[in-house]
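1. dropping the sequence and predicted coords here.
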Amino acid sequence: MQQYREIKSRHQDAILFFRMGDFYEMFYDDAETASRAIGLTLTSRNNGGAAEVPLAGIPVKAAAEYLRRLVGQGFRVAICEQVEDPKLAKGLVKREVVETITPGAVFADDLLDGARANYVCAIATGRDTSRDGLREQIGIAAADLSTGEWRLFLVTPMDAPAVLARLAPRELLVVRGASHPELAAAMQAVDNVLVTEREGWEFDAQLAGDELARQFDVRSLEGFGLGSDDAGAIGAAGALLRYLRELQPGGLPHLARPVVERPGGVMPLDEMTRRNLELVESLRGGELAGTLLSVLDRTTTPMGQRMLRQWLLAPLLERGAIELRLDAVTVMVRDPVGRASVRDALDGVRDVERLASKAAAGRATPRELRALGDSLARLPQVANAVRAVLSHATQGNSSGGLLTAMLDDWDDGRDCAERLTTMLVERPPLMIGEEDTIAPGRDADLDELRALRDGGKDAIATIQSQERARTGIHSLKVGYNRVFGYFLEISNANKHLVPDDYQRRQTLTGAERYVTPALKEYEEKVLSAADRIETRERELFEALRRDAGAAIRRWQQVARRVATIDVLTAFAEVAEREQYARPELNDGFDMEIVAGRHPVVERMMAREKFIPNDLVLSEDGQMIVLTGPNMAGKSTILRQVGLIQLMAQVGAYVPARRAKLPIVDRLFTRVGASDNLVRGQSTFMVEMSETSAILHTATKRSLVLLDEIGRGTSTYDGVSIAWSVSEHLHDAIGCKTVFATHYHELTQLASELGGVRNFTVSVREVGDQVLFLHRLIPGGADRSYGIEVGRLAGLPAAVIARAKEVLALLEGEGEQMAARLTADGLAVPKSVSRKGPRMKQPGGPTPQLGFFGDAAPSAMPSAMPSAVPDPALTRLADAVGALEPDQMTPLQALTALASLKQSLSD
């Protein structure tokens, strides 16, 4: 217990699994915590006369499941092993913590998701000294311990949340007690993350630089592209490296050299865009079904799955890099037979990245090491299949794009693959000692020991025959028990024939048991053979694993190339199957999509039922105001435009007959809204916050897709905000915008702003029924058909009938108001139509109407109380409503105001 307490004192923030024989035991608070968290039986023991100590234990062989459950709940678990053989220990067995498992630092397959990286991140602030002064900078370091991946990000405070959300770390290191607002905002972008606080000095850039240089054996960090302006990223990397060393006392030999990502290389995707487009998680609870990832994932390897996810969350901004990917997809699309060969070759490749990392860390089991060998053995077949595709492409004068680069200096690991597959049996056990691990004929000493073990029965029969012949005792037999080992049993009737060299060991009622020096010598050989076989196999296996792990840099490079080929092949497979087209990219402004489709929605229905649509945005038509009924498909059109643009910049074919697309620097998609109770924000506050982020971040090269801005507040406030946002996007930013709305007043923007075009999603009325055509056509809509949608949703018939009555009354108000104004010789405002009162053009001094407007008492529903409006106020309201402020000079406006004031005094 003294030993336990001393080790526990160094790991107070973790549950300590203390190895005692075949069990891991937990004491004190650890035992009580584990019993509550994973349902262990809590007991106690008396240790050396001390008070009873709470105790909970688990078998070592069953530890994996308990670890998975504890880590899944966010606990840290320190594994304390017996680091010497108990048989050889003098006194207390030596124990040490060999690793600490956290949600962000795990190796075990059952704790990992093969389709996504498992990052632990550190975040720090820094300053970027540039020509335009001192700028705030956020540095993020990310490591995946299971693969050795190591990445550094240098981002602005505004883009930090997008990067963290893209990484989706399981654990995040921050400075203890820090209250930096930019860091707090970034941390809110990730959910279900374990936050670990570290001391501030660990993030010091100078100390961190020295640590990184020692880890990667370099004199300076300039070779990584890091300089004095990158203090935030260097500090975060140093803190993360120190933390990982604490978790893995055995070292980090598999940690790859850091890859630095700076602004401008990939497109930052904010939370709302990632969520609204359902790229990797569904809006229905985070499941994969119904996401873009589920449509495009035709990969065959775990590395390919992880890379595909990374690509989707990081679209490229450099046209040349995108075209390299598209060229590779094109040659695969044009050669279906060759593509099938590549996929067949990839099909047998396991997770080389994680298997090699386990080997380097000394954690690979015999079965995993054989899987690595079998995977490497398939690499020549992969390379030959890709070469065949490229050969056909060359004959057709096509560029192989990124595929050609993947075959440059190709390393198939043939030497290591041959050694692993010949040294290990075809199906090795999980652990050394369970079954044979090393193949026969690979080690002479091992073969001799196995022959001794496997030939034991025959040897015993031979000894028995020899002794019977020598003694003349035909009933003599050789036996075995755990107490005496092997023995010769002779009945009492034959005791007089026992030779002098027999040594009596046991007396029975009717017989005596003896041993001979020769029998004891053979017994020692046989009984020790199994232990010696295990020892020798362990020596050979560990040497094999050490050699494979020493080449970790090779295998990491191999894994990245295989993953890239896998993703490009998957893109081609989906493109041909779903009839996608290669996008035509340009560096200009204009966008043209012909027969565009939503890649996810069309998969959920018969192909002929999905209605494709065209869309054009240009310098003289940069904004589309999209109106139309509920259920007509406005949100689907918005999302499909965003997905087509994103897929193109990822390097994939797109769901359209033709697509001419510019490279956009940012993609904003705000579709739908919900409150955020955790952050104390209402639905409207969330909507306004997201809109604010767009207006502060978007540039002329951005693509903005908005749905229902302003609907979370009163009608007039909402229309005013929507109008103002539209004007700002059009005038101040000048970006490509599609704005879907039920505020039909916004169609007037087309007459006010030169770059605005009105489009609607058409419907057809057949009697009392409404048919949604889902076809995008020029023009505006003046009805939303909300009552029809309510009917389709199953509202009671009485509710539908009453809604139609109220709608008719409201529409009648508009006609009556127009008639009164006409009778008084006043112009009918644009906001008053046969469909009822609408908001007057923004800028007019319009009072907000009640639910039933200014209708006469006779026009009000009988269920509502009536009120007779003051005639003078009615005339004043009508007069104000007739004004057209946008068409008046300042002098005319002042004259009109004086006239209104005079009418009040009269």
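-> Yep, it's here.

2. give me the neighbour count for Arg339.
-> Using other Cβ atoms under 10 Å, Arg339 has 22 neighbouring residues. To be clear about C-beta, it is placed using only N, CA and C from the backbone, and glycine gets the same treatment.

3. that one contacts Met332, correct?
-> Yes: Arg339 is within contact range of Met332, at 4.7 Å (criterion: Cβ atoms under 8 Å).

4. tell me, what's touching the two both at once?
-> Shared contacts of Arg339 and Met332, defined by Cβ atoms under 8 Å, 6 or more residues apart in numbering, are found at Val389, Thr569, Ala572, Glu573.

5. please tell me how far the second one sits from Leu402.
-> So that's Thr569. Using Cβ to Cβ, to the nearest Å, one gets 11 Å for the distance from Thr569 to Leu402.

6. closest one of the shared contacts of Arg339 and Met332 to Arg546?
-> Using Cβ to Cβ, Thr569 comes nearest to Arg546 of the shared contacts of Arg339 and Met332, at 34.0 Å.

7. my guess is that closest one meets Ala340, correct?
-> No: counting by Cβ under 8 Å, Thr569 stays clear of Ala340, with 9.5 Å between them.

8. where in the stretch 101-250 of the chain is pLDDT low?
-> 127-135, 179-183, 185-186, 189 (pLDDT under 70).

9. please enumerate the helices of it.
-> Listed in chain order, the helices of the stretch 101-250 of the chain (DSSP state H, counting those that start in this stretch) span 160-167, 181-187, 205-215, 231-247.

10. let me know which of the ones you listed is the nearest to Met605.
-> Among those, helix 160-167 comes nearest to Met605, with 30.6 Å by Cβ to Cβ.

11. turn the helices of the stretch 101-250 of the chain into TSV, columns for distance to Pro86.
-> Formatted as TSV, the helices of the stretch 101-250 of the chain follow (distance: least, Cβ to Cβ, whole Å):
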stretch	distance to Pro86
helix 160-167	43
helix 181-187	46
helix 205-215	35
helix 231-247	26
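
12. rewinding a little: which of Thr569 and Ala340 has more residues huddled nearby?
-> The neighbour count for Thr569 versus Ala340, taken as other Cβ under 10 Å, is higher for Thr569 (28 against 13).

13. list the buried residues in the strand or helix carrying that one.
-> Element membership for Thr569, per DSSP states H and E: helix 552-578. For helix 552-578, burial by neighbour count (16 or more other Cβ atoms under 10 Å) applies to 552, 555-556, 558-575, 578.

14. ok, now stretch 583-595?
-> Under the neighbour-count criterion of 16+ other Cβ under 10 Å, stretch 583-595 has Pro583, Leu585, Phe589, Asp590, Met591, Glu592, Ile593 buried.

15. tell me which of those is nearest to Met631?
-> Taking Cβ to Cβ as the measure, Met631 lies nearest Ile593 of those, at 22.4 Å.

16. so in this protein, which helix runs the longest?
-> Among all segments of the chain classified by DSSP state H, the helix with the greatest residue count is helix 517-550.

17. what packs against that one?
-> Here helix 517-550 touches helix 352-360, helix 366-377, helix 414-423, helix 444-454, helix 456-471, strand 485-491, going by 3 or more Cβ pairs under 8 Å, 6 or more residues apart in numbering; DSSP states H and E.

18. I'd like the mean pLDDT over the second one, please.
-> What helix 366-377 shows for mean pLDDT is 94.

19. thinking again about what came up before, and the angle from the longest helix of the chain to helix 414-423?
-> 160 degrees (axes from the mean of the first three to the mean of the last three Cα atoms, to 10 degrees).

20. that's a helix at Lys739, yeah?
-> Careful, residue 739 is Phe and not Lys. No: read with DSSP: H, G, I helix; E, B strand; the rest coil, Phe739 is strand and lies in no helix.

21. quick check, it in contact with Leu626.
-> Yes: using Cβ under 8 Å, Phe739 is in contact with Leu626, at 6.5 Å.

22. nearest to Glu534, of the helices of the stretch 101-250 of the chain?
-> Of all the helices of the stretch 101-250 of the chain, helix 231-247 sits nearest to Glu534, with 29.8 Å by Cβ to Cβ.

23. quick one: distance of whatever helix or strand comes next after the closest one to the chain centre.
-> Once the chain leaves helix 231-247, the next helix or strand it forms, by DSSP H and E, is strand 259-261. Relative to the chain's own centre, strand 259-261 is displaced by 19 Å; criterion: Cα atoms, centre = their mean, to the nearest Å.

24. list of residues touching strand 259-261?
-> With Cβ under 8 Å, 6+ apart, strand 259-261 has contacts from Trp150, Arg151, Leu152, Phe153, Leu154, Phe224, Gly225, Leu226, Asp230, Ala233.

25. out of these, which is nearest to Leu92?
-> Using Cβ to Cβ, Trp150 is the member of the contacts of strand 259-261 that lies nearest Leu92, at 38.9 Å.

26. ok, and the closest non-adjacent residue to Thr471?
-> Using Cβ to Cβ, 6 or more residues apart in numbering and skipping the chain neighbours, the partner closest in space to Thr471 is Leu497 (5.4 Å).

27. that neighbour touches Ser475, doesn't it?
-> No: using Cβ under 8 Å as the test, Leu497 is too far from Ser475 to be in contact (10.4 Å).

28. which neighbours do the two have in common?
-> Residues touching both Leu497 and Ser475 (Cβ under 8 Å, 6+ apart) are Ile490.

29. okay if I get the helices of the stretch 101-250 of the chain as a markdown table plus mean neighbour count and distance to Ala314?
-> Below are those laid out as a markdown table (neighbours: other Cβ atoms under 10 Å; distance: least, Cβ to Cβ, whole Å):
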| stretch | mean neighbour count | distance to Ala314 |
| --- | --- | --- |
| helix 160-167 | 24 | 6 |
| helix 181-187 | 16 | 17 |
| helix 205-215 | 18 | 24 |
| helix 231-247 | 25 | 17 |
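
30. mind checking the ones you listed for the one nearest to Gly126?
-> helix 231-247 (2.7 Å).

31. helices or strands up against that closest one?
-> Counting by 3+ Cβ pairs under 8 Å, 6+ apart, the packing neighbours recorded for helix 231-247 are strand 95-101, strand 120-130, strand 133-144, strand 149-155, strand 171-175, strand 194-198, helix 205-215.

32. run through the bridge partners of Ile58.
-> Ile58 has these beta-bridge partners by DSSP bridges: Tyr24.

33. I'd like the distance between it and Ser35.
-> The gap separating Ile58 from Ser35 is 11 Å, by Cβ to Cβ.

34. and Pro440, by the same measure?
-> Look at Pro440 and Ser35: by Cβ to Cβ, they are 48 Å apart.
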